[in-house]
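Next come a sequence and a model predicted from it.
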Amino acid sequence: MGKVYLTGAGPGDIELLTLKAAKVIKKADVVIYDRLANPEILKMCKDGCEFLYVGKEDGKHILPQDKINEVIYQSALKYDIVVRLKGGDPFVFGRGGEEGIYLKKKGIEFEVIPGITSAISVPAYAGIPVTHRGISASFRVVTGHEAPNKETSQIPWENFKTDDTIVFLMGLHNLENISKKLIEIGKPKDFPVAVISRGTSKEQKTIIGTLENITYLAKGLKTPALIVVGKVVELRDSLKWFKT
Ligand code: SAH
């Protein structure tokens, strides 16, 4: 039986892959990967390494999660070194936890190799720190996949009244609902928002606006994209550094 490495691939810029991830990718017998991982990473693999694509796009799966779990398990029966490569960090909306639980049940050994999450690094590449002394003392990373008007919402919207930074992942298609909901709970209409598309890559694009106009301004932006809500967005004027 092989060992599975639940591995973070970082947000896009290949140099944001960790040394530990690179080491195991070079040794892998099979790499099971999804869309967000920079495909250039696969070029590091040894000859004969097998590639299995089980990609997802904004929560839409090519394969349902239980099938992905099974693919990983079956690979571990067949190969020694199995790398399950995921965009960003495997435990930040990456369902790496579910995969680990499945493997544990099946008696397969695994290791987690954390990755640089897009939630922090993509804002950083846009010149937006998620915390900043005197401006924001905490930040939240929230799924934007769930429609805010859903009655059974698991998102504690009422807690978002503070000025702390909120980063929404998987939320571009829900941007209008999210902005409306934040205004509804009492945030000012002119509260700063950034939407960053394809962060850390050469195609990175950042749109700055307010809760009131961001939906209009961000029309047509490509995925993957994330949303940053908070006064830290204004620091971009001074901290913008990454040129695409
Ligand atoms: N595990 C990943 C997140 C998976 S959820 C991580 O830690 O980064 C997928 C969401 O991440 C996308 O819908 C998008 O909101 C965000 N995302 C991932 N890569 C991104 C990138 N390069 N630029 C902007 N957003 C990104």
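Structure received. Numbering: from 1, shown residues only.

Contacts only, for Lys78.
2, 30 (Cβ atoms under 8 Å, 6 or more residues apart in numbering). Quick note: C-beta positions are derived from backbone N, CA and C, even for glycine.

same thing with the one 5 residues further on?
Contacts for Val83 (Cβ under 8 Å, 6+ apart) come out as 4-5, 7, 24-25, 28, 30-32.

And Leu211, by the same measure?
Contacts of Leu211 by Cβ under 8 Å, 6+ apart are 179, 182-183, 187-191, 193, 229.

Quick check on it: phi, psi?
The phi/psi pair for Leu211 (degrees, to the nearest 10) reads phi -60, psi -30.

Which pLDDT value does the model give it?
In the predicted model, Leu211 carries a pLDDT score of 98.

So in terms of bridging, what pairs with the residue in the chain that the ligand sits nearest to?
Closest approach between the chain and the ligand, counting by Cβ to the nearest ligand atom: Gly88, at 1.9 Å. Gly88 has these beta-bridge partners by DSSP bridges: Gly10.

Correct me if wrong: it contacts Ser118.
Yes - between Gly88 and Ser118 there is a contact under Cβ atoms under 8 Å: 4.6 Å.

Where does the prediction get shaky in the chain?
Along the chain, the model assigns pLDDT under 70 to residues 36-37, 56-61, 150.

and the residue nearest to Tyr33 when sequence neighbours are not counted, how many residues sit next to it?
Distances taken as Cβ to Cβ, 6 or more residues apart in numbering place Leu85 nearest to Tyr33, at 4.2 Å, with adjacent residues excluded. Applying other Cβ atoms under 10 Å, we find 27 residues neighbouring Leu85.

hang on, Leu85 packs against Asn38?
No - counting by Cβ under 8 Å, Leu85 sits too far from Asn38 to count as a contact (9.8 Å).

burial of Leu52, as a residue count?
For Leu52, the count of nearby residues is 16 (other Cβ under 10 Å).

Quick check: the gap between Tyr5 and Ile116.
Separation of Tyr5 from Ile116 (Cβ to Cβ, to the nearest Å) stands at 16 Å.

Sorry, slip of the keys, the one I care about is Ala225.
From Ala225 to Ile116 the distance is 17 Å (Cβ to Cβ).

With Thr143 instead?
Distance from Thr143 to Ile116, by Cβ to Cβ: 19 Å.

the helices in the protein, which residues?
Using DSSP state H, the helices of the chain run over 19-27, 65-78, 96-105, 118-125, 175-184, 214-217, 236-239.

before we move on, the earlier item: who has more neighbours, Ala225 and Ile116?
Ala225 (26 against 22).

Could you pick out the residues of this protein near the ligand for me?
11-12, 36, 58, 86-89, 92-94, 117-119, 122, 169-170, 196, 198-200, 224-226 (Cβ under 6 Å from any ligand atom).

Next, check those residues against the strands and list the overlap.
In this view, those that belong to strands under DSSP state E are 86, 169, 196, 225-226.
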